[in-house]
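Undergrad: sequence first, then the predicted structure:
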Amino acid sequence: MHDGGGVLETMEAAHGHNQPTKSNDSEKGLNSKKSLIKNWPLMSSVIAYCIFSLHDIAYAEIFSLWAVSDKKYGGLNFSTKDVGVVLSFSDYNHTVACKLSIDVNAVRPQHQRGAANGIAMTGMSFFKAIGPAGGGSLFAWAQKRQNSSFLPGDQIIFFILNVLLVVVAAMTFKPFLPESVKKPYEDTEE
């Protein structure tokens, strides 16, 4: 009776699973002891991704509160339906988030991308968790500043949110990220 073992071995060999490798990790220049935390382009990408995530979630929280607020408080006096329509058209954030995610992958060699993405997702999740509370607190503070001489009321909110975007934008330029996406990572001794 044939147990089918030969078929499995043939399939494995055809896909290269049972073939010995010709080089090992040290020949490829892979060093698992290199610290991801010391990789400034990676950390810059992660920080930009986290700050953008904070901005994204805080903006969604603040915009909704601001839009439904009465005009005497500097709001737009929108209905909740109007707010939903406006937010459905503001999908540019996903494009930016995808770009920042690509940057995280571009600044690490293949064998460290899983760990790098784990660090990025953990940071992004933390910032998205504090975003609504931070945004709501910022909105409440701004409502108390309606008569301030410098950036009164809601103006301070959008000023702070724009500063966050400037920080993210600054972190996407040299010297923070690699100069080229075609040659994104050079394996150097750290």
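TA: Looks like it came in fine.

Undergrad: the chain: helices as residue ranges?
TA: Along the chain, the segments classed as helices by DSSP state H run 5-14, 40-68, 80-88, 92-106, 113-143, 154-170.

Undergrad: can you list those in a markdown table and add mean neighbour count and mean pLDDT?
TA: No exception for glycine: its C-beta is placed from N, CA and C like everyone else's. Formatted as a markdown table, the helices of the chain follow (neighbours: other CB atoms under 10 Å; pLDDT from 0 to 100):
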| stretch | mean neighbour count | mean pLDDT |
| --- | --- | --- |
| helix 5-14 | 10 | 46 |
| helix 40-68 | 21 | 86 |
| helix 80-88 | 12 | 86 |
| helix 92-106 | 16 | 72 |
| helix 113-143 | 16 | 89 |
| helix 154-170 | 15 | 89 |
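
Undergrad: looking at those helices, spot the one closest to Gly74.
TA: Between Gly74 and the helices of the chain, the shortest separation by CB to CB is 4.4 Å, and it involves helix 154-170.

Undergrad: show the contacting residues for the residue nearest to the spatial centre of the chain.
TA: A centroid search over the chain (CA atoms, centre = their mean) returns Tyr49, at 2.7 Å, as the residue closest to the centre. Going by CB atoms under 8 Å, 6 or more residues apart in numbering, Tyr49 touches 97, 100-101, 103-104, 120, 123-124.
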